[in-house]
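In: I'd like to go over a predicted model; first the sequence, then the structure.
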Amino acid sequence: MMATLSRALRSPRLIIALGMVFCIAFCAIFAGWIAPHDPGEQNLLSILTPPAWADGGDPNFPLGTDSLGRCVLSRLIYGARTAMLVALFASLGAMIIGTILAHISGYFGGAVDWVIGRLVDVWMSFPPVILSLILMVGLGVGLDRVILAIVLVDWTRFCRVLRSEVLIVRRHDYVAAARLLGFTHWQTITREVLPATLPLLITLVSLEMAIAVVVEAILSFVGLGVGADQPAWGQMIADARQYVYQSPSNLLLPIFAIFLTVTAFNLLGDGLRRTLDVRLAVTGR
Amino acid sequence: MLALKAKDLEVSARIDGDIVPAIRALSFDLAPGKILGLVGESGAGKSMVGRTIAQLLPPGFAVTAGSLLFEGEDLVQMASARRRALLGRAIAFIPQAPMTAFNPVMSIGAQFDEHLARFGEADGKARRARAVAMLEAARLPRAADLLRQYPHQLSGGMCQRVLIAMAFASNPRLVIADEPTTALDVTLHPPILRLIADMQREHRTAVIFITHDLRLAAQFCDDVTVMYAGRAVESGAARAVLSAPAHPYTRCLQLANPTMRAKRRALYVIPDQMPSLRQLKVMRGCHFAPRCPLVVEECRRAEPVSTALGAGRSAACFQAAVSERIDAREPAPVMAHASTPPVLQVEGLQKTYTMGGTLFGGVHSVTAVQKASFSIAENEFVAMVGESGSGKSTIAKMLVGLEQPSAGRIVLNGEDLTGRSLRGGMRRAAAVQMVFQDPQSALNPRRRVASIVTQAMEAGSRHASRDERLVRTRELLAEVGLPADFAGRLPSQLSGGQRQRVNVARALCNIPKVLVADEIVSGLDVSIQAQLLNLLARLRAELGFAMLLISHDLSVVRHLCSRVLVMYRGEIVEAGDVETVFANPQHPHTRALLGSVPPDEPEASWSALASAAPPGITP
C-alpha cells in the first residue's frame, strides 16, 4: 500500500492529473462562492459583451456575456458542477452494475456467464449515442435522467473488461483454497477476487468519468440533457453557435472546459493504471 | 583440441550500483565426444554458463574476467558476426521447455527447413530429405507426415525429440542441454536421455548437460562440476565424485535426497537456503560456510581455492579430507500401518467430462477417472503416482470437493460426502484440506502471512477476534518452522520453500483429518525438499493427520508413504505396500515408472539408459 502510494507520488502524470481534477472539483463544489453572478441572471442591456481584456469589455463580466446577457464565467463554473455530478454518479452507477455482473459472470462461468455475455453483446450492438438519445426522449430531461441514461448505456464497458480480469484471477489456486477453507461464494468474491480486480476497476471509473462528461455535453447540446434552467457546457455551445461570428469566445470557452476535464480524467486513468497495475509496476514504464 | 575450455570465467551482475560476481573462477575442460554435467540447485549459476556461451546474458550481466574457448577461439572476445555463425551450427542448444520452444503458427517442417537453410543448404529437396533422415534418427515414426504437423499436435516428448533432431542436424561440435527432461513425464526421461546419448556418440559431440539431479548426472555424464552460489565447488569424473564426494555441499545434497533401495533414513537437512546475489555482495569467506556442518574458523575468513585431489578431481574446501563425517544421524520416522480403521474411503469414484455439446456439434465424453476405490487409514500416508493426465489431480479435486464425482462415494469417518449440502461442505472443509502444488499461485499476494494461515478462521459465519488469530498464527508458524516475525510479511517477500511452508500451515489451521498434497515438493530444490519432507514427517507424528501425497518422484513416495496407488489412464492399476510394489511391480506401467528412476549408487548401471530401444517405438 505504501509502495503504491510512493510510486503514485513519483508519477508526474498522476500529479498533474490530480491537480487538474482537484481544480475542476473545487469550482464545482464552491460554485456559489466563486462565481461573480448568478448563472441565470440576465442583463439585457449588456448582451454579447467580449471578455474584459478586449475592446468594449466590461470588468463586471470577466469572460463576457452571452446572447441573453448572462455571465459566461459564472455559467462555466456552474457548468462544471453539472459536469462533475454527472461524471461522478454516472460512472459509479455504471461501475456498480457492471462490476457485479462481471464478477458473477467470470466467477461462476457456465450458463450464467453465457447469459450475461450475450446480454452485453446485444446491448453493445446499439450505437451508444443513439441509445442514450432514445433513452432521454423516453425519460425526459433532467440531471438524474442524464445520469440514468449514461449508466444504462455504459455498464457494458465495465462488465466486459472486468469479466476477463476475473477469469484470470479465478484461475489462481488461492481462490480455490479459499473455497476449501469454507469461504462462501460471496466471501470468496469479495475478499479474494475483488481486491485483485480493484486496480483495474479504479482505472476504468476514471476513464468512464471522461466519457460521461462528453456524453452529457452531447445530450445538453441537442437539448435533451439537463433542464434549461441548469447551466451546462453543451448548452452553452448550442447557445453560442448562432452568434459565433459576433463572439467566438462564447463558443470556444465551454469547448475548452470540456477539453480540460476530459484530458484530466484520461490522464488520471492512465496514471492510475501505471501505478496500480502490479504487472506494469514491476517491468517499469 | 578441447571442444570447450573455461578458464577463470567470471560473470558479474550490476546490483544497486555495485558489481557482484554471479559466476566466479569457473574453469573446466570439455573434450570432444564427452559429456560434462553442471550440477547444482537453482541459483547456483549453472544455466548462466549456457547463457554465457550463447551471449544471451540477462540485462545487467556481463563477463568480467577469464575466457571461454570454443576450439581455441574465445567466445567472449569474438566478433558477434563470427559468434552468430557458430551458434546454432557448431554450437547447438536443447531447451528445457520443449512445448514453448517452437513457433506455434509454423509447421514442424517449416521450422526444420528454416533451421537447415540457415546453415547454407540451398536445395529444398535436400533439406527435406535431411529433415526426414534426422527425425528418423530421433526414432520418430512417420517422419514425413510429422513435418506437416503443428507443434500443438505433438506431445511434449515428441517435441523434445524434434528439437534434439534439429540440434544435431548441423553436426554440431558442442551441444548445451539445459535440463532437457525436467518438463517431461518421468517415463519419458530414459528414452530422451538415450536419444541424446546415441546422437552424441554418433556425431562425437561434446555435451554440456545442466541438471539438478545428482543420480542422473552420475549415470549420464563423464565428468561433473558441482556448482554452489556461482562457484564450482567440486569437479572430476562423474562416478568418482558422486560415489565419494569431497565437498561438504555435494555430500549434504546426496544425503538430502531420498533413496530408492537403501534403508529408509531421515533426510539430511541443510539449513537455510542458497545466498542470493544481494547477500553474496556482503559475504566473506567460503559461501557455503553458513550452511556447512564442518565449518571451522578458517572458512569464514578466507575463501578456499580449488585444489587438486588427484586423478582429475578437485574441490574447493578446507575440510575436503573429512567430509565423510557428515551423516544423517536421526533414526527413520516410524510408519503407521493400515491396521487402524480407515478415515477416508473412496468407492467406485468416477469422473466423466462432457465436451462439445454446442448447437450442431455432437456431445462426446472423456472419462478422467474410472472406478477408483481406495481407503486411507488414520495417520497413514498414501501416495498416488502416475504420469500427467492419468487422473491424479482429478481425484484430489473430488476428494476436497472442488469437483463433483460423476459416480461413486467418498466416505469420511463413515459419513457420505458426495452430497452437495452446505453443511457437508463445511464439515469437509474442517476435515479434508489441500496443499496446492504452486505456492506462487496458491497464496493471495495481497494478504499477509498471518492473514493467510488463519484464513479459515474468517470463513463462513466464524468471526475470530484479532487476538485469537494472532495466537493461532504464532502456533502455526512454529509448527511449520517459520520465525514468528514472518506473520507480517507478504508472500512476495518469501522464498519458494517458505511459501510452501505457509501453504502447509494454512491447510493445518483447522487441524484436518486428511491432507491432500498435490506435487508439493516438485518445484523445490533438493535441500528445500528435504526440509519440507522432514517437516511433514514430524507434523504427522505431532498432529496425527493422514495424507494422500500425489507425486511423480518415487523416491519421495518411498521416503514418506507406506502405501502407494499407481494410476494409469484414469484407473488405479496397482496398489499396495510401497516396499512390496517397488520390489515386485506387477503392472507394466509401474515397471516403466520404476525403471525411469536412476539407481542410488553411482557405480550401478542403469538398465533403462543402457538398453537400446527397439526401432520405431516411441513412448
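Out: Looks like it arrived, so ask away.
In: who in the stretch 501-619 of chain B is up against chain A?
Out: Applying CB under 8 Å from any CB of the partner chain, one finds that the stretch 501-619 of chain B approaches chain A through B:506, B:509-510. Backbone N, C-alpha and C define where each C-beta goes, glycine included.
In: rerun at 7 Å
Out: The stretch 501-619 of chain B comes close to chain A at residues B:Arg506, as judged by CB under 7 Å from any CB of the partner chain.
In: which residue does chain A bring closest to chain B?
Out: A:Gly182 (3.5 Å; CB to the nearest CB).
In: tell me the secondary structure at that residue.
Out: coil (DSSP: H, G, I helix; E, B strand; the rest coil).
In: likewise A:Tyr78?
Out: Here A:Tyr78 is helix, with the state taken from three-state DSSP.
In: run a quick neighbour tally on it.
Out: By other CB atoms under 10 Å in any protein chain shown, the residues close to A:Tyr78 number 25.
In: just to revisit the earlier point, my guess is the residue of chain A closest to chain B contacts B:Glu458. True?
Out: No - using CB atoms under 7 Å, A:Gly182 makes no contact with B:Glu458, being 9.3 Å away.
In: how about B:Ile208: what's its closest non-neighbour residue?
Out: The shortest distance from B:Ile208 to any non-neighbouring residue, by CB to CB, 6 or more residues apart in numbering or on different chains, is to B:Ile176 (4.7 Å).
In: could you do A:Asp229 as well?
Out: A:Asp229 sits nearest to A:Gly40 (CB to CB, 6+ apart), 6.6 Å away.
In: I'd guess the one you found is in a strand, am I close?
Out: No - per three-state DSSP, A:Gly40 lies outside any strand segment and is coil.
In: how is chain B divided into domains?
Out: B:4-90+B:170-325, B:104-169, B:342-356+B:365-441+B:512-610 (automatic domain parsing).
In: could you pull out the helices in the stretch 51-200 of chain A for me?
Out: For the stretch 51-200 of chain A, the helices defined by DSSP state H, counting those that start in this stretch cover A:72-108, A:110-124, A:128-139, A:143-170, A:173-180, A:185-188, A:194-221.
In: reformat the ones you listed as TSV; add distance to chain B.
Out: Output for the helices of the stretch 51-200 of chain A, formatted as TSV (distance: least, CB to the nearest CB, whole Å):
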stretch	distance to chain B
helix A:72-108	14
helix A:110-124	11
helix A:128-139	29
helix A:143-170	10
helix A:173-180	4
helix A:185-188	7
helix A:194-221	5
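In: B:Met106: which of those is closest?
Out: helix A:143-170 (27.7 Å; CB to CB).
In: using CSV, please lay out the helices of the stretch 51-200 of chain A together with mean pLDDT.
Out: Formatted as CSV, the helices of the stretch 51-200 of chain A follow (pLDDT from 0 to 100):
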stretch, mean pLDDT
helix A:72-108, 94
helix A:110-124, 93
helix A:128-139, 88
helix A:143-170, 93
helix A:173-180, 91
helix A:185-188, 92
helix A:194-221, 92
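In: let me see the mean pLDDT of the strand or helix carrying A:Cys27.
Out: Per DSSP states H and E: A:Cys27 is located in helix A:12-29. The average of the pLDDT scores along helix A:12-29 is 92.
In: what packs against it?
Out: Using 3 or more CB pairs under 7 Å, 6 or more residues apart in numbering or on different chains; DSSP states H and E as the contact test, the elements touching helix A:12-29 are helix A:72-108, helix A:248-276.
In: which SSE is immediately downstream of it?
Out: For helix A:12-29, the following helix or strand on the C-terminal side (DSSP H and E) is helix A:31-34.
In: in that next one, what's buried?
Out: Of the residues in helix A:31-34, A:Ala31 count as buried by neighbour count, 16 or more other CB atoms under 10 Å in any protein chain shown.
In: next one: that helix to chain centre, how far?
Out: On the basis of CA atoms, centre = their mean, to the nearest Å, helix A:31-34 sits 22 Å off its chain's mean C-alpha point.
In: spell out which parts of chain B neighbour chain A.
Out: Residues of chain B lying near chain A by CB under 7 Å from any CB: B:400, B:402, B:426, B:429, B:433-434, B:436, B:438, B:441-444, B:446, B:455-456, B:459-460, B:506.
In: next step: those restricted to strands.
Out: Members of those lying in strands (criterion: DSSP state E): B:433-434.
In: just say helix, strand or coil for B:Leu515.
Out: Classification of B:Leu515 by three-state DSSP places it in strand.
In: for it, give the beta-bridge partners.
Out: B:Gln433, B:Met547 (DSSP bridges).
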